[in-house]
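J.: A structural model of the following input is requested.
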Amino acid sequence: MVDLSLLRESLEVLGSDGGHVGRVDHVHGDQIELAKLDFGSGFKHHMIPVSWIHHVDAHVHLNVTKDEAKARWTEKH
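T.: Residues are numbered from 1 along each chain as shown. Below you'll find the predicted structure:
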């Protein structure tokens, strides 16, 4: 279980392959909202589940690759 208190605004989110997925904007329950103003996000808010987090240190490390995350994230409406 990941300690969600470690998630902070602007932390870089990395796929399991080290690829840039985005940056944390907010945490909404079991979802992380990625920052809109980030080249990785295509300048749209995207949501990823907290369950994808492998661990958090100076970055948020996911248990899916960058391409998997981008294929499966949802756009915030």
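
J.: who are the neighbours in contact with residue 50?
T.: Counting by CB atoms under 8 Å, 6 or more residues apart in numbering, residue 50 touches 2, 4, 27, 30-32. (Glycine included, C-beta is placed from N, CA and C.)

J.: go with 10 Å
T.: Contact analysis of residue 50 by CB atoms under 10 Å, 6 or more residues apart in numbering lists 1-2, 4, 7, 27-32, 60.

J.: And the next helix or strand past the longest strand along the chain?
T.: Using DSSP state E, we find that the single longest strand of the chain is strand 20-28. Remark: after strand 20-28, the chain's next helix or strand is strand 31-34, criterion DSSP states H and E.

J.: Helix or strand next in line after that following strand, which one?
T.: Immediately after strand 31-34, counting by DSSP H and E, sits strand 46-49.

J.: Dump whatever helix or strand comes next after that following strand to PDB, restricted to CA.
T.: Per DSSP H and E, the first helix or strand lying C-terminal to strand 46-49 is strand 53-56. Taking Å, rounded to 0.1, in the frame of the first residue of the first chain, the C-alpha atoms of strand 53-56 are listed here in PDB:
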ATOM      1  CA  ILE A  53       1.600   3.600  -8.100                       C
ATOM      2  CA  HIS A  54       4.500   1.300  -7.400                       C
ATOM      3  CA  HIS A  55       6.300   3.600  -5.000                       C
ATOM      4  CA  VAL A  56       6.900   7.300  -4.300                       C
END
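
J.: per-residue pLDDT, the nearest residue to residue 21 once chain neighbours are set aside?
T.: Distance criterion CB to CB, 6 or more residues apart in numbering; nearest residue to residue 21, sequence neighbours excluded, is residue 13 at 4.4 Å. Listed pLDDT for residue 13 reads 97.

J.: what sits up against the helix or strand that contains residue 13?
T.: According to DSSP H and E, residue 13 maps onto strand 12-14. Applying CB under 10 Å, 6+ apart, the external contacts of strand 12-14 come out as 7, 19-24, 32, 34-35, 38, 40-41, 48, 52-54, 56, 58-62, 65-66, 69.
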